[in-house]
Every structure is written in C-alpha cells, then in structure tokens.
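Undergrad: Sequence first, then the predicted structure, then my questions.
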Amino acid sequence: MTKWMKYTGAPEQIDEMRKSNNGYLLRHLNGGESIIYKHDDLFLNRNDIAWYLIRQPHQYADMICQWAKTGQPVFARAKNSHEPAVLCHGYFPPFAHPKEFEYSFTPFDE
C-alpha cells in the first residue's frame with residue numbers, strides 16, 4: 001500500500017524515487033505538498049523536504065476519471081468466471097473490486 005515515508009535524504013530513498021515508474025510526491029516541512037515529480041533530482045537535495053510518497057495509481061485511474069466526468073455506463077465481468085458481463089449500477093458500483101472484476105465502457109464480447 002502506498003504511504004508517506006519520512007524523508008532522510010538517504011541514497012536508498014533517492015534511488016527508490018529515481019526508479020519509480022509513476023513518479024513521487026514530496027511533502028515539505030511547512031506542510032505544503034508538491035506536484036508530481038518524475039526522476040527530477042533538483043528537489044531531492046533540498047533541506048525542506050519532510051516526507052515522500054511513491055505514486056501507485058489505481059489500475060483503472062483513467063477510466064475512473066472519464067466515468068466521473070461523463071457518467072458513461074461501465075460494464076463489469078468477473079475475472080475467474082464464465083458469468084456474463086453486467087452493467088454497473090448503484091448496488092454494484094464500477095471499479096469497486098478491481099482484483100475480482102475487469103471493467104469496460106463497451107460490452108464484453110461473450
């Protein structure tokens with residue numbers, strides 16, 4: 001799980017941040033948060049960094065944003081089953097169970 005880590009400036013931390021695929025966030029001593037950085041060493045040697053967070057976005061992040069903006073229907077299908085796909089609704093919300101279901105904006109070809 002993604003969590004804020006206390007920043008010490010240790011070489012291992014800097015290496016972890018440099019190798020992160022999705023970038024990282026920095027929290028400064030004054031409590032302000034930074035924008036998303038990717039492999040940008042300019043900020044790693046500053047004295048006002050208190051915490052860092054390696055980004056691990058939700059696997060459906062782009063679809064969730066599109067659904068939130070448009071209200072577009074979302075279909076779900078169980079990953080380990082031959083059950084037909086269903087249209088998500090209030091009692092079965094989209095993107096709630098990404099480990100058990102796959103999601104699509106178009107009906108799955110059964």
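TA: Here it is on my side, so go on. Since the structure is predicted, the reported quantities are computational estimates derived from the model, not experimental observations.
Undergrad: Relative to Gln56, how far out is Tyr103?
TA: For Tyr103, the distance to Gln56 (C-beta to C-beta, to the nearest Å) stands at 18 Å. C-beta here means a position set from N, CA and C on the backbone, and glycine is covered the same way.
Undergrad: no wait, Gly9
TA: Counting by C-beta to C-beta, the gap from Gly9 to Gln56 is 22 Å.
Undergrad: ditto for Asp48
TA: When Asp48 is compared with Gln56 (using C-beta to C-beta), they lie 25 Å apart.
Undergrad: List the buried residues for stretch 86-105?
TA: Of the residues in stretch 86-105, 88, 94-95, 101, 103 count as buried by neighbour count, 16 or more other C-beta atoms under 10 Å.
Undergrad: Return the helix or strand in this protein with minimum mean pLDDT.
TA: None of the helices or strands of the chain scores lower by mean pLDDT, DSSP states H and E than strand 24-28, at a mean of 83.
Undergrad: So which elements touch it?
TA: Packing partners of strand 24-28 (3 or more C-beta pairs under 8 Å, 6 or more residues apart in numbering; DSSP states H and E): strand 49-54.
Undergrad: Would you mind pulling the contact partners of the strand it packs on?
TA: 2-7, 9, 13, 16-17, 20, 22, 24-29, 43 (C-beta atoms under 8 Å, 6 or more residues apart in numbering).
Undergrad: Now the buried members of those residues.
TA: Applying 16+ other C-beta under 10 Å to these, the neighbour count classes 7, 13, 17, 20, 24-28 as buried.
Undergrad: Max pairwise distance over these: which two?
TA: Spatial extent of these (C-beta to C-beta) is set by the pair Ser20 and His28 at 18.7 Å.
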